[in-house]
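**Student:** 3D, please:
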Amino acid sequence: MTIAAWCVLAFLIIAYAPRAGSIRGAIAQEGRYDNINPRAQQARLEGAGAKAQAAHANSLEAFAPFAAGVWAAHAFGADPMIRDGLALAFVAVRLVYWRAYVADWGNGRSVVWALGFLITVALFVAAGLT
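**Tutor:** Have a look, this model is predicted:
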């Protein structure tokens, strides 16, 4: 597999990592994790648990466009150094985004989100320029 393909797997794992924080938050807030109706419990989360759940949801929203961008870069023969560099940068940016979300960095989080979005767009552009 290419570095970019490994980055898709890495980001899939990263997307689920914040769930640990939301589960901890649910247990702290309600004394247990509701495995029968977890979405209702997630909707009641407050504080750090809610932030972790939101970071997880946002990561899932970003996953498909990123994976599609990597696929396009592979399928249309984008320069491997550019493709792999963009994919690595995306993973790094999303790690910072997760931290920014949970830490209430506000405007910084928005800047980091925009950077991740632009990297995803750049993957498609790299595919189109081949």
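**Student:** what comes up buried for stretch 98-107?
**Tutor:** 98, 100-102 (16 or more other CB atoms under 10 Å). Heads up, the C-betas are built off the backbone N, CA and C, glycines and all.
**Student:** Name the nearest of those residues relative to residue 123.
**Tutor:** residue 98 (20.0 Å; CB to CB).
**Student:** wait, what's in contact with the nearest residue to that closest one once chain neighbours are set aside?
**Tutor:** Counting by CB to CB, 6 or more residues apart in numbering, residue 55 is the residue found nearest to residue 98 once chain neighbours are left out, at 5.1 Å. By CB atoms under 8 Å, 6 or more residues apart in numbering, the contact set of residue 55 is 18, 21, 97-98, 101-102.
**Student:** could you pull out the helices for this protein?
**Tutor:** Here the chain has its helices, by DSSP state H, at 3-16, 19-30, 38-44, 47-75, 80-102, 107-128.
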